[in-house]
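Asks: here is the input, now give the coordinates:
(chains A, B, C and D)
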Amino acid sequence: MGILLFGAAKDIAGVPVLEKPEHIRDVATLRDWLYEAYPSLRQLRSVMIAVNRAYAADSQVISATDEIAVIPPVSGG
Amino acid sequence: MGILLFGAAKDIAGVPVLEKPEHIRDVATLRDWLYEAYPSLRQLRSVMIAVNRAYAADSQVISATDEIAVIPPVSGG
Amino acid sequence: MEILIDIKDTITVQEALDFIQAPECGGEVIFAGTVRNHTKQRPVLKLFYECYEAMAISEMQKIAAQVAEKWAVQRIAMLHAVGDKYPGDIAVVIAVASTHRGVAFDACEFAIDMLKETVPIWKKEFFADGEIV
Amino acid sequence: MEILIDIKDTITVQEALDFIQAPECGGEVIFAGTVRNHTKQRPVLKLFYECYEAMAISEMQKIAAQVAEKWAVQRIAMLHAVGDKYPGDIAVVIAVASTHRGVAFDACEFAIDMLKETVPIWKKEFFADGEIV
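Replies: Residues are numbered from 1 along each chain as shown, chains lettered A, B, ... in the order given. Model prediction:
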């Protein structure tokens, strides 16, 4: 599955979905890859990763069928 | 003017208005007289006196034209 | 601070909300007190509210003045119903609008706490077993 | 605890109130967040809210579950609007009903604070001077 992007992260990447590179196996690796591919993401106060619709710790393993999303600082309400 | 009674104080006195005896010159004397006339008032958690629509201290002087009210514990809301 | 204070037979949350909503505010907090169908597990048929109206209005104005002194609140509505009220009916509404939601929560809770302590309104409870307290 | 959670184009305080009102509760606290016509003194034309809906619903459910764990709350409604919203429009409503008003205030404030921290919803601000943030 692809990587869903929202809010400021979507604006920075310029697309709402990214293809997930094969080598990414956990959240920490995903975040490193995102920062490399889109350095402007570092300007955000935080970049959380959601795996299967729940906030995920850096150590969480990512499998091919997981729904992955990039969550910039939320601003609802 | 008479003395207005509300809530439980009205139920105890059995009337919504009492005549104010001539000798009553301040709030403390009024309360003493009320307790004497209607001993059941002592069962209430509190008996406040309002003079001209504001809570009055015991020392407050009462004049003939003042609007006096007996305020048992309130229970609005 | 804009203030709406009213005591009447029937009150609604909507009229309080209509009064406090303003495009310069961002947070509205509303407390609605409704008649419960029980008090300490005893079934309640109805409540009857009476008030010393002139003084009640005056005490509600004092509460609004205290709110204005303590907090940056733009608008407040304080409504109380009187007469026979049945389970589910609205007895009291306090609505506060502020730029900051924390302020609106604090001011609204303060206003209802004060109302219950100082405003000369009394309720009689009519229990299902026939007792009236 | 009864729970209503919804994310849609238009939300109203009334639908939240209709859901939480029940004759066994006595205190209802409602927070309504409306679009302000300014942010830090800069005029705002409109907001645009987008959300990651499936996760937003899930996070709102988690907040409701935490409320149920912490407080004796009977009913809670959590509604959020999405799309274009103009000054005065309602963006979010949290409504809580409890037997005890202090509980309802605490739970309602907790729920809106948590929503603003954890629920994946984002707003864009369209300022009168043309900037979009």
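
Asks: quick check, the helix or strand bottoming out on mean pLDDT in chain C touching chain B?
Replies: Sorting the helices and strands of chain C by mean pLDDT, DSSP states H and E puts strand C:38-39 at the bottom, at a mean of 88. No: Strand C:38-39 lies out of reach of chain B by C-beta under 8 Å from any C-beta of the partner chain, never closer than 11.2 Å. Placement of C-beta: from N, CA and C, glycine included.

Asks: close to chain D, is that strand?
Replies: Yes: Strand C:38-39 lies within reach of chain D by C-beta under 8 Å from any C-beta, at residue C:38.

Asks: following that strand, which helix or strand comes up?
Replies: Next along the chain after strand C:38-39, taking DSSP states H and E as the criterion, comes strand C:42-51.

Asks: what residue, apart from its backbone neighbours, is nearest whichever residue of chain A sits closest to chain D spatially?
Replies: Nearest residue of chain A to chain D: residue A:76, at 3.0 Å (C-beta to the nearest C-beta). Spatial nearest neighbour of residue A:76, excluding adjacent residues (C-beta to C-beta, 6 or more residues apart in numbering or on different chains): residue D:121 at 3.0 Å.

Asks: pLDDT score assigned to the one you found?
Replies: With respect to pLDDT, residue D:121 scores 98.

Asks: and it, what does it touch?
Replies: Residue D:121 makes contacts with A:74-77, D:7, D:49-52, D:56, D:80, D:82, as judged by C-beta atoms under 8 Å, 6 or more residues apart in numbering or on different chains.

Asks: buried ones in the helix or strand where residue C:109 lies, by neighbour count?
Replies: Element membership of residue C:109 [criterion: DSSP H and E] is helix C:101-118. Neighbour-count burial for helix C:101-118, counted by 16 or more other C-beta atoms under 10 Å in any protein chain shown, picks out C:101, C:103-116, C:118.

Asks: repeat that for stretch A:36-44.
Replies: A:38, A:41, A:44.

Asks: by how many degrees do the helix holding residue C:109 and helix D:101-118 diverge?
Replies: Between helix C:101-118 and helix D:101-118, the angle formed by their directions is 180 degrees, by axes from the mean of the first three to the mean of the last three C-alpha atoms, to 10 degrees.

Asks: got a list of what residue 60 touches?
Replies: Looking at chain A here, since you left the chain open. A:26-27, A:49, A:51.

Asks: not quite, I wanted chain C
Replies: Neighbour list for residue C:60: C:5, C:78, C:80, C:115, C:119 [criterion: C-beta under 8 Å, 6+ apart].

Asks: and the pLDDT for whichever residue of chain A sits closest to chain C?
Replies: Here the residue of chain A nearest chain C is residue A:77; by C-beta to the nearest C-beta that distance is 8.4 Å. Confidence at residue A:77, expressed as pLDDT, is 93.

Asks: helix, strand or coil for it?
Replies: For residue A:77, the assignment made with DSSP: H, G, I helix; E, B strand; the rest coil gives coil.

Asks: local confidence estimate at residue 43?
Replies: In the absence of a named chain, this looks at chain A. Turning to residue A:43, the model gives it a pLDDT of 96.

Asks: try again with chain C
Replies: At residue C:43, pLDDT is 94.

Asks: contacting residues for the closest residue in space to it that isn't next to it in sequence?
Replies: In this structure, residue C:43 finds its nearest non-sequential neighbour in residue C:128, 3.8 Å apart by C-beta to C-beta, 6+ apart. With contact taken as C-beta under 8 Å, 6+ apart, residue C:128 is in contact with C:42-45.

Asks: which residue ranges of the chain form helices?
Replies: Answering for chain A, as no chain was given. A:7-13, A:27-37 (DSSP state H).

Asks: sorry, I should have been clearer: chain C.
Replies: C:13-20, C:53-70, C:101-118.

Asks: wait, which of those is closest to residue C:26?
Replies: Nearest to residue C:26, of all the helices of chain C, is helix C:101-118, at 7.3 Å by C-beta to C-beta.

Asks: ok now the closest one, how far from the chain's centre?
Replies: Relative to its parent chain, helix C:101-118 has a centroid offset of 10 Å by C-alpha atoms, centre = their mean, to the nearest Å.

Asks: which residue does chain C have closest to chain B?
Replies: For chain C, C-beta to the nearest C-beta, closest residue to chain B: residue C:121, 3.0 Å.

Asks: give the bridge partners for that residue, please.
Replies: Judged by DSSP bridges, the bridge partners of residue C:121 are residue C:51.

Asks: how many other residues sit next to residue 55?
Replies: You didn't pick a chain, so chain A it is. Per other C-beta atoms under 10 Å in any protein chain shown, the neighbour tally for residue A:55 reads 16.

Asks: sorry, I should have been clearer: chain C.
Replies: Quick note: residue C:55 (other C-beta under 10 Å) scores 23 neighbours.

Asks: so what's it closest to, chain neighbours aside?
Replies: Residue C:55 sits nearest to residue B:53 (C-beta to C-beta, 6+ apart), 4.0 Å away.

Asks: burial count for the one you found?
Replies: 18.

Asks: got it, and residue C:16?
Replies: By other C-beta under 10 Å, 26 other residues sit near residue C:16.

Asks: what are the bridge partners for the residue nearest the centre of chain A, then?
Replies: A centroid search over chain A (C-alpha atoms, centre = their mean) returns residue A:70, at 3.0 Å, as the residue closest to the centre. Taking DSSP bridges as the rule, residue A:70 bridges to residue A:5, residue A:49.

Asks: hang on, the earlier thing: so which of the buried residues of helix C:101-118 comes closest to residue D:31?
Replies: Distance to residue D:31, by C-beta to C-beta, is smallest for residue C:101 among those, at 6.6 Å.

Asks: the closest one contacts residue D:111, correct?
Replies: No: counting by C-beta atoms under 8 Å, residue C:101 does not reach residue D:111; the two are 11.4 Å apart.

Asks: so the residue of chain A closest to chain C sits against residue D:90, correct?
Replies: No: if you go by C-beta under 8 Å, residue A:77 and residue D:90 don't touch, sitting 11.1 Å apart.

Asks: please enumerate the shared neighbours of those two.
Replies: Common neighbours of residue A:77 and residue D:90, counting by C-beta under 8 Å, 6+ apart, are residue D:33.

Asks: report pLDDT for the closest residue to chain A within chain C.
Replies: Closest residue of chain C to chain A, C-beta to the nearest C-beta: residue C:101 (8.4 Å). Residue C:101 carries a pLDDT value of 94.
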